[in-house]
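What would the 3D arrangement of this be:
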Amino acid sequence: MHSQHFDRPLRPGEGQPYREPQVGIRAIDPLNEEDIRRLRLIDRDPVRIWEFEGDNPYEPLTDGELRDFATPNDRKLFFAVVGSAEHPGLPTTEVDQVQGWFKLIPDSPGRVNQLRSHGIITPQTDEDIWKISCAKLKDAPRGQMASAMRQVCMQFAGMSDEALPTVVAYITPTNQASINMTLAAGFVKQEAMVEYEAGHPPNSVYVLDWARLQEITQRPPLPEPSGEQAVL
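Below is the predicted model of the structure:
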């Protein structure tokens, strides 16, 4: 799989951030105690699957570590998913409050080698392979994460050059909520499975199809897929 190209502008008025009304995305404010409190709740949720290797059992992050975790840099993008006044049924107290997050980082060399060995990407692929992950508050209202994932990917496209990077999600095969969400954001399941961490069961692999995402985002916003906690 090589870098992909849009054959037409991302949206009418190209260059403007793509948005869907039922949820917003923004940066975490490291000085906002409520932002950090909500990250802490996600961090300590028993169903949260963290991606740090070697942490078994997992040690919750300190507030300082949470701030570092949510701070973007040239090799990490981090987006807070925040409530919108246009979300049906969302309490007014949840507007612009953190409901979950998405993170994009370059994938590990070990997993990239597995992707190449399975033919998911070709040996000639030389652009960065980016891994997307997410988590949400346990009690966050439905109808937010799939919409936010589309917005995150479209914003990532706007930050990229003409050649778009490869974006990969790794999902436990039984995590139907995350599977539904990922499919609704234009990702395509691959036939092969990849060992996410040494000694752990293999994960299903989903690769973003930019053309499919473009088609989805030029239609009216889709409803949130059914399911419970969405965790990648």
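
quick one: Lys136 and Ala163, what's the gap?
31 Å (Cβ to Cβ, to the nearest Å). Any C-beta I mention is one placed from the backbone N, CA and C, and that applies to glycine too.

Of those two, which one has the most company?
Taking neighbours as other Cβ atoms under 10 Å, Lys136 and Ala163 compare with Lys136 leading, 26 against 10.

Phi and psi next, for the more buried one.
phi -140, psi 160 (degrees, to the nearest 10).

what ranges do the helices span in this structure?
Remark: helices assigned in the chain by DSSP state H are 33-43, 63-69, 109-117, 145-159, 176-184, 210-217.

what's the most buried one of the ones you listed?
Across the helices of the chain, averaging neighbours per residue (mean count of other Cβ atoms under 10 Å) puts helix 145-159 on top, at a mean of 23.

and that one, C-alpha only, in PDB?
What follows is helix 145-159, C-alpha atoms only, in PDB (Å, rounded to 0.1, in the frame of the first residue of the first chain):
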ATOM      1  CA  MET A 145     -16.400   8.800  18.900                       C
ATOM      2  CA  ALA A 146     -17.000   7.700  15.300                       C
ATOM      3  CA  SER A 147     -17.800  11.400  14.400                       C
ATOM      4  CA  ALA A 148     -14.600  12.500  16.200                       C
ATOM      5  CA  MET A 149     -12.500   9.800  14.500                       C
ATOM      6  CA  ARG A 150     -13.600  11.100  11.100                       C
ATOM      7  CA  GLN A 151     -12.700  14.700  12.100                       C
ATOM      8  CA  VAL A 152      -9.300  13.700  13.500                       C
ATOM      9  CA  CYS A 153      -8.400  11.800  10.300                       C
ATOM     10  CA  MET A 154      -9.600  14.700   8.000                       C
ATOM     11  CA  GLN A 155      -7.600  17.100  10.100                       C
ATOM     12  CA  PHE A 156      -4.600  14.800   9.800                       C
ATOM     13  CA  ALA A 157      -5.000  14.800   6.100                       C
ATOM     14  CA  GLY A 158      -5.000  18.600   6.100                       C
ATOM     15  CA  MET A 159      -1.700  18.600   8.000                       C
END
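
and the angle from that helix to helix 210-217?
On the basis of axes from the mean of the first three to the mean of the last three Cα atoms, to 10 degrees, helix 145-159 is oriented at 120 degrees to helix 210-217.

Which pLDDT does the model give Glu33?
In this model, Glu33 is scored at 96, pLDDT.

ok, now Asn203?
Confidence score, pLDDT, at Asn203: 94.

who touches it in this structure?
By Cβ atoms under 8 Å, 6 or more residues apart in numbering, the contact set of Asn203 is 170-173, 193-196.
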